[in-house]
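A.B. asks: The following block contains a protein sequence and its predicted model.
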Amino acid sequence: MTKFKIIFPLLLFIGLLSACGEQYDGDFSYKVRDFTFTNQDGKEVDKSDLEGKFWIADFIFTNCTSVCPPMTANMASLQDQLKDAGLQDDVQLVSFSVDPEHDTPEALKEYAQQRGGTTDNWDLLTGYDFDTIKKFSVKSFKSILEKLPDSNQFMHGTSFYIVTPEGEAIKSYNGKKASNMEKIVADIKDMM
């Protein structure tokens with residue numbers, strides 16, 4: 001009876017741990033908040049649409065005069081590398097506009113296409129107000145977002161985030177650095 005008292009709780013504990021879901025080797029774990037936004041084709045996309053897939057998230061805007069053009073070109077390159085690795089159907093790319101007042105679905109689609117991207121597995125999202133995306137950026141990704149005074153420019157994070165199929169952001173990479181796209185592909189391969 002004494003062995004049972006020791007073994008049963010141990011087995012129960014192990015069972016509970018294994019029921020907690022997939023564990024990934026990440027640098028942090030941020031639960032991405034629920035959202036329902038509009039993509040480049042005018043369709044609603046919500047967080048539940050991404051369940052079961054890895055996704056890569058970033059924050060951009062089309063009037064950006066500094067970091068967004070290279071970030072978007074890098075996202076298009078990442079898209080190509082994922083396709084070459086046979087992962088295009090398993091990984092979704094998601095760019096959140098930080099300037100929803102200006103960034104219409106059409107503007108976002110054109111912006112990605114001008115930098116070599118397609119919308120096959122890439123959602124560029126808008127259709128909310130600035131306060132909504134600011135709170136989302138800070139609460140979901142711990143990433144700052146501010147509108148610069150007397151300007152049409154924004155201060156925002158430049159990271160690409162890996163988000164797990166369960167909706168947890170677990171790794172970030174400098175999205176301005178082209179060589180990081182290879183690292184993202186390799187890290188996702190290791191997690192699959």
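C.D. replies: Yes, it's here. What you see is a predicted model, and the numbers here were worked out from it, not measured in a lab.

A.B. asks: Quick check: H156 touching I144?
C.D. replies: Yes - taking contacts as Cβ atoms under 8 Å, H156 lies within contact range of I144: 7.0 Å. (C-beta placed from N, C-alpha, C; glycine too.)

A.B. asks: So between these two, which is more surrounded?
C.D. replies: H156 (25 against 12; other Cβ atoms under 10 Å).

A.B. asks: what residues are up against the more buried one?
C.D. replies: H156 is in contact with 59-61, 98, 137, 143-146, counting by Cβ atoms under 8 Å, 6 or more residues apart in numbering.

A.B. asks: now with 7 Å?
C.D. replies: 59, 98, 145 (Cβ atoms under 7 Å, 6 or more residues apart in numbering).

A.B. asks: Overlap in contacts, H156 and I144.
C.D. replies: Counting by Cβ under 7 Å, 6+ apart, nothing touches both H156 and I144.

A.B. asks: before we move on, back to that, and the contacts of H156 as a markdown table, adding neighbour count, secondary structure and pLDDT?
C.D. replies: What follows is the contacts of H156, written out as a markdown table (neighbours: other Cβ atoms under 10 Å; DSSP: H, G, I helix; E, B strand; the rest coil; pLDDT from 0 to 100):
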| residue | neighbour count | secondary structure | pLDDT |
| --- | --- | --- | --- |
| F59 | 28 | strand | 98 |
| V98 | 27 | coil | 97 |
| L145 | 19 | strand | 96 |
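
A.B. asks: could you dump the residues you listed to a markdown table with distance to Y128?
C.D. replies: Listed next are those as a markdown table, based on distance: Cβ to Cβ, whole Å:
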| residue | distance to Y128 |
| --- | --- |
| F59 | 13 |
| V98 | 10 |
| L145 | 12 |
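
A.B. asks: mind listing the helices for the protein?
C.D. replies: Assigned by DSSP state H, the helices in the chain fall at 2-18, 68-84, 105-114, 130-141, 180-191.

A.B. asks: Buried residues of the last one, list them for me.
C.D. replies: Buried positions in helix 180-191, judged by neighbour count with 16 or more other Cβ atoms under 10 Å: 180-181, 184-185, 187-188, 191.

A.B. asks: closest to G116 among the contacts of H156?
C.D. replies: Closest approach to G116 among the contacts of H156 (Cβ to Cβ): F59, at 19.4 Å.

A.B. asks: Let me see the contact set for that closest one.
C.D. replies: With Cβ under 7 Å, 6+ apart, F59 has these contacts: 96, 98, 137, 143, 145, 156-157.

A.B. asks: switch to 10 Å and redo it
C.D. replies: Applying Cβ atoms under 10 Å, 6 or more residues apart in numbering to F59 gives the contacts 67-68, 71, 94-98, 125, 133, 136-137, 141, 143-145, 154, 156-161, 175.

A.B. asks: Drop anything exposed from these.
C.D. replies: Members of the contacts of F59 classed as buried by 16+ other Cβ under 10 Å are 67-68, 71, 94-98, 125, 133, 136-137, 141, 143, 145, 154, 156-161, 175.

A.B. asks: got any ranges where the protein has weak pLDDT?
C.D. replies: 1-22 (pLDDT under 70).
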